[in-house]
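# sequence and computational prediction follow.
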Amino acid sequence: MKSSHKNRDSLNPKQLRFAENISLIILKKQRKAANYLNKKTDRFNARTWRLILLGFCLLSGGYFLNLILNALR
């Protein structure tokens, strides 16, 4: 299967430098967000994480069940 994207080798140095700068910016913002979220949740114990996971599963499961039931009507 051929890819429709340009190969990394076919980029000129200016394009490659631009792409690398964009990726560095994205990684920096991602790291900043991860650090913020880690600071906010560092005091959560295992029980709290299990309750959060249970809530997420119940909410998303209920939503998807609703989608399936509405699609079958």
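Arrived safely.

# any idea how far stretch 44-60 is from the chain center?
Relative to the chain's own centre, stretch 44-60 is displaced by 18 Å; criterion: C-alpha atoms, centre = their mean, to the nearest Å.

# now it: mean pLDDT?
Averaged over stretch 44-60, pLDDT sits at 97.

# neighbours of Ala71, how many?
Residues contacting Ala71 under the criterion other C-beta atoms under 10 Å number 7. For every residue, glycine as well, the C-beta is placed using N, CA and C.

# near Tyr36, how many other residues are there?
So Tyr36, with other C-beta under 10 Å, has 10 neighbours.

# output the below-cut-off pLDDT ranges for the chain.
Low-confidence segments of the chain, defined by pLDDT under 70: 1-9.

# can you check which helix is longest in this protein?
In the chain, taking DSSP state H as the definition, the longest helix is helix 13-41.
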